[in-house]
Structure formats: structure tokens, C-alpha cells
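Trainee: Compute the structure for the input listed below.
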Amino acid sequence: MIRGETSRSYPSLVALHQFVNSEHHNQNDMNKILKECIKFGTKDEQEALVLLLKDSNTYLKAQASAPTFSQDVGLLIPLRTRQRPPDGIWPAANSLFKVLDSRKRCTCDPAHKYVVQLCLETHRAKLVNCDFDLYLGLGQVWQEARVQTTTISSSKLPAIIVDGPNPAAAGNGSRCRSKRERMVEKLCGDIIKITSKLPHYRLRYRLEKDSLWKLQSEESNFKIDKSKPPMSLAKIIAERSNMLNEKTKRILSVLLGYAVFHLHGTPWLQSPWSSSNVLFFRSPSGVPLRPYVETHLDDNPNRNPLERTPSDDDDFDPDDDLSPPYPCLVDLAVVLMELHKARSLESLADTYGVPMTEEMDSTARYIFVREVFKYCREDITDQTRMAINSCLDPNIGLNDDGEELDEYGLRGVIYQQIVRRLEDELEQGFSDLSVDRLDTLVQNMDLATGGQPIRLEQLRHSLDVTDYSSKPKRRLSNDNAGRRVRFLTSTDAEASEQPSLSTPRLSTSACGGGSTFLCEKELPSNSTSNHRQNGDLAGRIKQLLATPRERPNRPDTIRVLNIPDEILEHELRTELEKLFDSTCKVHSLARTTRDTHWRKYATVTFPGMANDKLKTLITTEEIRLRGSLNLQYDTHFLGITSLYDAGDEAMVE
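Mentor: Next up, the predicted model:
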């Protein structure tokens, strides 16, 4: 109820309130009284109020008609509270780039070209030590490195500190502060040395003011497959979209949001950047879900981001206000759209019929992106859609008075309107994932299997394949002499010249100090024929014993893992024949559990493919062979098996 001084200050509001609470009014009286109540200001302001009332009425009706559900208090999902992330990572990142850029020049002939891949992290757990993980690229060589800085614990903001006197002003010009630290003059020397002597170690540096100090290297806990180039997010979206599920999409969205939050305004992330600049290194056991942003250390003078400056009155064009205030945020919107739709921006524009040109400036591209987003926004989840909408908001960097925010104020808005919404989207969909621990969790997630834990035994299996033939074989229980019977496909002409002879079945037994070979088969009644055939058989056995045994290059068997539970045998066979471009036979298809989800595995033979070719194909094209089902292959079964031995030649070891 409105009383006292409030009634005297807002008489029209009081009249409207009384009118709403009254019971008997005809339509004419209602219209007349309402017009008097909203009679204020200009006509445009009155129309704005009417529209506001209409929207409020529509919203309240929708809320009243919405079905209600009784909820058990114990089933309600508790709201998570997260501490605000450190918003001072960017000064340390900016200093790191400047120091690395100053160390790129060398006297080598020809001079080296450097590429740096900076790991994208939330840095939430790094309130004491602000460390940057990166890869230094020198031609075709990639070397892992970690750069340490120190933060001030009281403010929890990174700061570059100085330990001791300025090294450049040291008395004797010494470049070594201690036995474990050395000032870095150029990067190429450290990279070349460690890649040749310690390939499985990573470089360690300390950043202090404008100096870079080399620390003792340490063993890497993230060994990449250096024989394979990194995969870009653009390539995954275009060619391997099956690797992206709802879980990995939301994780990557959070990490990309933090990339802009931490690196906006630094040379690490300059517009235009795209999904082609986001790379993933491959390891022998999978594709770790750790994105890196690629930056070139070159002599480009336009490395520093452009700052917004007031336009001169003489050169002012009203169309200048159409350009995006922060192009880096527009780039983030594009990558988020591509990621969640699993399609490139060009493909989306073609689908929705949005015209595009090859050469577009920042203004034209901004308008183009907003137009594409209008068509696909309804297909994107709520929080992500609002985050993208904030990226495209032309007023995101202005306060309530229309004044431009400073750097810290802008980052606060970026976090609240973009990053936090992406965090909420992730934790609402996957309650077991904590944003505060995300940097640690993603290190053991495999992007190629939809975020499942990386299975280290895959690496061990792949390393054991080459030594599989040399492993000790299981002996028969009655084989005291250590001899065995194995079956081998015959490739010589002698076997084909005896079509009338069935395959002999051999057994071995020890008598005294030697072995007796028994041939169990139906022989013709003619004793001469028996003698001749027995003689031929004895000669054949003697020849086999004298010939060194070689591993046969023959059709063989692998085990296929991580098969979805709903896939049937004929569907699996069709998928495998398409992936391997060869016919196959599925011998078994069984169910098992993996990570609380039902999965299947199968034993499969490829009759038209020798095991050497099969092994090479799986090793070199593992990612492609996973296909749309994210299949995995256990090559531990490569070797002679009994699944394809019918009619083969017998051989004694």
C-alpha cells in the first residue's frame, strides 16, 4: 500500500494503484483513467511506458500459466560459489611476450623463425605462482617450456619482481647469478641443445622484470608425439567434428573465454584470431584436451593492439560508430558459434543464406557475424547464447554514464557477462567438473574420445607390438621337449602341387632323449603309396625344421574397443569396412563397462589385409580410423591367431 509522503510525491501512481484495485469500471472509464495516469513527459516516453507494461503483462501471464512441479528439497541442485579469478594475469603475460620477443634475434645463418604456443588456462589455482606453459617452435622442432613468475599473495595479482641487483649492472658483467640460473641471451641455443640431448625434458625459465633466467630443466609430464603436427580447432570442426560432444564443447568454451579474459590487450591474442590459431598437440596415447594459442615472434611493427581514440571532428563519419569497439570479442563470438554448431562460419552463412565477401573490414565482418548469429542463436544453449550476445554488444565497454571503462573495469565486465556464463553452463551440465580445478582436470582428458580419461595402457600396448613376436609362447601341457605346432599359410608352389593331400595333423611327444612325430590322417591302402607319402612327409618335416621361422605376413586380428552399446554387429562391420577400405569379419561382440557407461568390444579379422599393413595403418592414421563412433584399437592382438587357420600348412617349431 502506498501511504504518507509517497502518496504526495507520486499522485498518478497512487491513482493507478487505486484504479487497479477497484472492481467496477466500464471500458471507456478504464481507458480515460489510464490515459490520465500515463500523461507525463513526451509522447515517446508515454509510448515507451505502454510498451513496457505490455511486455510485463505478457511475461506475468506466461509465468502464471506455466506448469508448476513439486520439488523435493533434497533433490535441489545447490548453487556453486566460485571465487573471482585473478584479473592481473595479463600484465605478466604481456611482459613475458616482450621478453621472448627480445630474445628471438640470433646470429645463426639463416636466422631462426620462432613460433610460440601458449597454453590456455583459467589460472584459478595460481594465486601464488603464475606459471605459463608453452611450446617454442623452431622450424619443425617443438620444445616444451615453463616460465615462472611470482605473484603478491596479499593482492593475489601477478607482479614481476626483482631478485637482487640488476644483472646488467653487475661488477664483472657476469651472466650467472648462481649455479642453477643463467640469463638467457637467445632462445635458439637452449632449444637446439635440449632437443638433441634431453628430448623428454622441458625447459624452465624465470621471468624477472625485463630478464629471462634459465633454471634447471625437468622431465616433462606431457610428452607429445613430435612426429605429428598439432591439430587446429578449425580442422577438428571441419573434418573431425565427431570428436566434439557437449562436454568437450563446454570445457573449450570456458578455456577460450579465459583466453580473452587474460590475454585481451596483449600481443598474444590480436584480432583477427580464429579457430585456426587454437591448436592441440597429440600424444602417443590420445589428444589431451589442452588448447594452445599460436603466436609468431616476427618483426611486425603493428604487434601492439590498436587503442580507441576520439575521432577528429573533421574526419568524423557516423558510420564509424558501426565498427566493433573490441574486435577480439567478435572473434570469440565466432569461435563459440563454430564450436557449438560444429561448423565453420562460412558453412553457417551458406546454410542460412547470409551473403559474404572475401574481403571484409572489421565493420563489415562485425555486421556479417551478427547476421549469422540471428539465425543460429536459437540452436545454442541459454548461457552460451547470452555470452555470445554480450561479445557482440557494442556497448559492453561502457558504464551507466556512457563512459568507457578502464582495462580492469572492462575485464570485470568480460568475466561477469561472458566467462561466468560459460562457467555456469559447464557446471550445470556436468556437476562433477569444477571450474576451480579445470586446469588440472583437462590434463588427463582425451579430446579424441569425447573427454574420457586418457588410457595410458594404450601407449604401452603400442610399444609392445613390435616385441610381441619375441615374447615367450605358452607351452602345451604335454610338450616336455618344448616343441609346438603352429599353422602358417603356405606361399610356395610345393603345397599347391598336392591338392589331393589333406592337411596333416601333427602331435609331438618325447621318448627318451628325442622326439617322435605321429601323423594322424587317412592314407591309401597301397603300402607303396603309404611308404612314399610317409617319406615325403618326413622330408617335408625335416625341411621345415631346418628352415628358420619367419613371422608371416598374413591376414590377422585386432580388438576394437569403445564401441557404443547400441551398435549392432552388421553396423560395426559396415563402419569398419568404410574406415579401413577392406572387408572384415566380426568374430565376437561383447559388452563391458567403461567409466560407468556400457560399451562393447569386438574381435575383428581383415582377410584382405596383411598384419604388417594393418599395424602401419592403425599407427599412422589412428585419429581418422576412430570414425564417427570414436572407436579405439588394441593392436596387442596383432600376430598369429587361430581365427584364420582353416586349411593352413602345419609347421613345427
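
Trainee: Look up how far E36 lies from D29.
Mentor: Counting by CB to CB, to the nearest Å, the gap from D29 to E36 is 11 Å. Placement of C-beta: from N, CA and C, glycine included.

Trainee: nearest residue to R591 other than its sequence neighbours?
Mentor: Leaving out its chain neighbours, the residue that sits closest to R591 by CB to CB, 6 or more residues apart in numbering is K600, at 5.4 Å.

Trainee: My guess is that neighbour contacts S588. True?
Mentor: No - under the criterion of CB atoms under 8 Å, K600 is not in contact with S588, lying 9.8 Å apart.

Trainee: and the residue nearest to R591, what does it touch?
Mentor: 563-565, 567, 589-592 (CB atoms under 8 Å, 6 or more residues apart in numbering).

Trainee: Wasn't it part of a strand?
Mentor: Yes - assessed by DSSP: H, G, I helix; E, B strand; the rest coil, K600 belongs to a strand.

Trainee: Who does it form a beta bridge with?
Mentor: K600 has the following beta-bridge partners by DSSP bridges: I563, R591.

Trainee: how close does it sit to R421?
Mentor: On the measure of CB to CB, K600 and R421 end up 38 Å apart.

Trainee: Distance to T363 and neighbour count added to the contacts of K600, as JSON lines?
Mentor: Converted to JSON lines, these look like this (distance: CB to CB, whole Å; neighbours: other CB atoms under 10 Å):
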{"residue": "I563", "distance to T363": "50", "neighbour count": "24"}
{"residue": "P564", "distance to T363": "46", "neighbour count": "14"}
{"residue": "D565", "distance to T363": "51", "neighbour count": "11"}
{"residue": "I567", "distance to T363": "49", "neighbour count": "17"}
{"residue": "L589", "distance to T363": "57", "neighbour count": "17"}
{"residue": "A590", "distance to T363": "59", "neighbour count": "10"}
{"residue": "R591", "distance to T363": "57", "neighbour count": "10"}
{"residue": "T592", "distance to T363": "56", "neighbour count": "12"}
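
Trainee: can you list these in JSON lines and add distance to V442 and pLDDT?
Mentor: Conversion of those to JSON lines gives the following (distance: CB to CB, whole Å; pLDDT from 0 to 100):
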{"residue": "I563", "distance to V442": "25", "pLDDT": "87"}
{"residue": "P564", "distance to V442": "24", "pLDDT": "82"}
{"residue": "D565", "distance to V442": "26", "pLDDT": "75"}
{"residue": "I567", "distance to V442": "28", "pLDDT": "82"}
{"residue": "L589", "distance to V442": "33", "pLDDT": "80"}
{"residue": "A590", "distance to V442": "32", "pLDDT": "76"}
{"residue": "R591", "distance to V442": "29", "pLDDT": "70"}
{"residue": "T592", "distance to V442": "26", "pLDDT": "62"}
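
Trainee: List just the nearest of these to Y366.
Mentor: P564 (41.4 Å; CB to CB).

Trainee: so who does the closest one touch?
Mentor: Contacts of P564 were listed using CB under 8 Å, 6+ apart, and they are 599-600, 629.

Trainee: try 6 Å this time
Mentor: Contact partners of P564, counting by CB atoms under 6 Å, 6 or more residues apart in numbering, are L629.

Trainee: Can you get me a residue count around P110?
Mentor: 6 (other CB atoms under 10 Å).

Trainee: My reading is that it lies in a helix. Confirm?
Mentor: No - using three-state DSSP, the secondary structure at P110 is coil, not a helix.

Trainee: Now it: phi and psi?
Mentor: Main-chain torsions, P110, degrees, to the nearest 10: phi -80, psi 160.

Trainee: in stretch 611-624, what's buried?
Mentor: Within stretch 611-624, the residues that qualify as buried by neighbour count (16 or more other CB atoms under 10 Å) are 611, 613-615, 617-618, 622-623.

Trainee: what pLDDT, on average, does it get?
Mentor: For stretch 611-624, mean pLDDT is 83.

Trainee: Then stretch 135-148?
Mentor: In this model, stretch 135-148 has an average pLDDT of 87.

Trainee: Report the buried residues of it.
Mentor: For stretch 135-148, the neighbour count (16+ other CB under 10 Å) marks 135-138, 142-147 as buried.

Trainee: domain ranges for the chain?
Mentor: As assigned by automatic domain parsing, the chain contains the domains 4-61, 477-546, 555-652.

Trainee: Lowest average pLDDT across these?
Mentor: For the domains of the chain, the weakest mean pLDDT is recorded on domain 477-546, namely a mean of 47.

Trainee: okay but L589 is in contact with E569, surely?
Mentor: Yes - proximity of L589 to E569 meets the contact threshold set by CB atoms under 6 Å, at 5.1 Å.

Trainee: Now the terminal residues of stretch 433-440, how far apart.
Mentor: Start-to-end span of stretch 433-440 (CA to CA, to the nearest Å) is 11 Å.
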